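Participant: Fold the following for me, if possible:
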Amino acid sequence: MIFKRHIKLLVIFIIGTFLIDQISKILIVNFLTPLDPPVVNVISSLLRFKLTYNPYGVFSISLGPNILYYIFSIIGIFILIYIGLSLKDKTSVVVFGIIIGGALGNIFDRLRLDYVIDFIDMGIGNLRWFTYNFADACITVGAIFLLMRGLFSKKKKDTETT
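Facilitator: Residues are numbered from 1 along each chain as shown. Below you'll find the predicted structure:
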């Protein structure tokens, strides 16, 4: 069942996340090049900006032909929109809106440029995480939130039934 009262909320968060992602990428591309300067420290070496172009998938893992990235992304977005429109609580709607907005930001890059712009580089010294962008962060944080919420609500239900 689709809850029409949440459509507006879902759309606001999808558009907001998408716009923040695209604006951040435009700014970074206009201020950095992949080579000069190679890295801008934001918080020492813990958080820095480093412009990279990712033609592959999550964590720069190749999934095969480029068409697969488009197919997986588009199918995933439609599934998430369907689920997002059927949710009852506002928190889940907001989280799905953020995840969908992030997915749309990355697919927009891929359609427009044939790669995704990444620029957030975190780590300590030479121990670095994969370079990512705002969209990736939204997708990851949203997914972790939903997983944690599912785990804790399941635990709570299990303890209430025993």
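
Participant: Any buried residues in the host helix or strand of I100, and which?
Facilitator: According to DSSP states H and E, I100 maps onto helix 90-113. Residues 92-110 are the ones in helix 90-113 that count as buried (16 or more other C-beta atoms under 10 Å). Every residue, glycine included, has its C-beta placed from N, CA and C.

Participant: swap in stretch 80-88?
Facilitator: 80-81, 84-85, 87.

Participant: Is it possible to get TSV of the residues you listed that adds distance to R128?
Facilitator: Output for these, formatted as TSV (distance: C-beta to C-beta, whole Å):
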residue	distance to R128
L80	29
I81	34
G84	33
L85	38
L87	36
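
Participant: any idea how far G125 is from S45?
Facilitator: 7 Å (C-beta to C-beta, to the nearest Å).

Participant: Next: I124.
Facilitator: 7 Å.

Participant: Over to G123?
Facilitator: From G123 to S45 the distance is 7 Å (C-beta to C-beta).

Participant: hang on, isn't I99 packed against I144?
Facilitator: No. Using C-beta atoms under 8 Å, I99 is not in contact with I144, being 10.6 Å away.

Participant: hmm, back to that, now do the helix or strand just after the helix holding I100: everything it contacts.
Facilitator: Later in the chain than helix 90-113, the nearest helix or strand by DSSP H and E is strand 116-124. The contact list for strand 116-124 (C-beta atoms under 8 Å, 6 or more residues apart in numbering) reads 24-25, 28-29, 32, 39, 45-55, 106, 109-110, 128-137.

Participant: let's see 7 Å
Facilitator: 25, 28-29, 39, 46-54, 106, 109-110, 128-129, 131-133 (C-beta atoms under 7 Å, 6 or more residues apart in numbering).

Participant: With stretch 54-64 instead?
Facilitator: 69, 114-116, 118, 130.

Participant: Just the buried residues of the residues you listed.
Facilitator: Buried among those by 16+ other C-beta under 10 Å: 69, 116, 118, 130.
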